[in-house]
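S.K.: got a sequence here, can you build the structure:
(one chain, ligands or ions: 2)
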Amino acid sequence: TERTFSILKPDATRRNLTGAVNAVIEAAGLRIVGQRRIRMSREQAEKFYEVHKERPFFGELVEFMTSGPVVVQVLEGENAVAKYREVMGATNPAQAAEGTIRKQFAESVGENTVHGSDSVDNAKAEIAQFFTDDQIAA
Ligand code: GTP
Ligand code: MG
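M.R.: Ligands and ions are numbered 1, 2, ... in the order given. Presented below is the predicted three-dimensional model:
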């Protein structure tokens with residue numbers, strides 16, 4: 001079994017969609033073993049998206065991620081990293097497959113409802129940035 005890190009982004013909390021998104025996550029067989037609603041600081045967001053800091057949308061991305069509360073999550077299941085990427089759908093909701101979270105809920109490539117780790121190594125680092133072991137219960 002494997003773990004991945006998930007964020008329900010500010011567009012999801014703003015539209016009261018956290019339960020609807022969680023229903024899709026759980027229906028896919030992923031277990032929410034850690035979950036907390038937080039307001040991300042600018043420092044946290046900049047660190048989290050550090051790999052994108054040279055991209056033209058970096059400023060906009062940090063602005064957005066700090067614009068409202070987010071829900072940070074640890075998801076567990078078989079092939080959790082790849083499975084969640086599949087359930088999320090493409091980064092751009094216009095290209096996301098039918099039934100995916102981004103197809104159903106996302107409004108734009110910037111405000112795309114969810115984050116999910118893109119590798120097992122990144123999942124470990126991202127989980128460690130937001131959770132201590134005692135905040136996760138499998
Ligand atoms: P994450 O799970 O959030 O990391 O999405 P991803 O892995 O599908 O996409 P990627 O890591 O390439 O980009 C990270 C995030 O940056 C995306 O989810 C978007 O929120 C944002 N982003 C990517 N491309 C654009 C863009 O062209 N414009 C804007 N405003 N935001 C973008
Ligand atoms: Mg990414």
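S.K.: a helix runs through Val74, doesn't it?
M.R.: No. The secondary structure assignment for Val74 gives strand rather than a helix, going by DSSP: H, G, I helix; E, B strand; the rest coil.
S.K.: show me the contacts for Glu2.
M.R.: If you count contacts by Cβ atoms under 8 Å, 6 or more residues apart in numbering, Glu2 has them with Glu76, Gly77, Glu78, Asn79, Ala80, Val81, Val120, Ala123. For every residue, glycine as well, the C-beta is placed using N, CA and C.
S.K.: beta partners of the second one?
M.R.: Meaning Gly77. Legend: beta-bridge partners of Gly77 under DSSP bridges are Glu2.
S.K.: so which bits of the protein are right by ligand 1?
M.R.: With Cβ under 6 Å from any ligand atom as the criterion, the chain comes near ligand 1 at residues His52, Phe57, Glu60, Leu61, Thr91, Val109, Gly110, Asn112, His115, Gly116, Asp118.
S.K.: same thing but 5 Å
M.R.: Phe57, Glu60, Leu61, Thr91, Val109, Gly110, Asn112, His115, Gly116 (Cβ under 5 Å from any ligand atom).
S.K.: how many neighbours does the last one have?
M.R.: As a burial measure, Gly116 scores 25 neighbours (other Cβ atoms under 10 Å).
S.K.: look up the pLDDT of it for me, please.
M.R.: We note a pLDDT of 98 for Gly116 in this prediction.
S.K.: identify the residues contacting Phe131.
M.R.: For Phe131, the contacting residues are Gly34, Arg36, Val72, Val74, taking Cβ under 8 Å, 6+ apart as the criterion.
S.K.: and the two most separated of the residues you listed?
M.R.: Maximum pairwise distance in the contacts of Phe131, criterion Cβ to Cβ, is 9.5 Å, between Arg36 and Val74.
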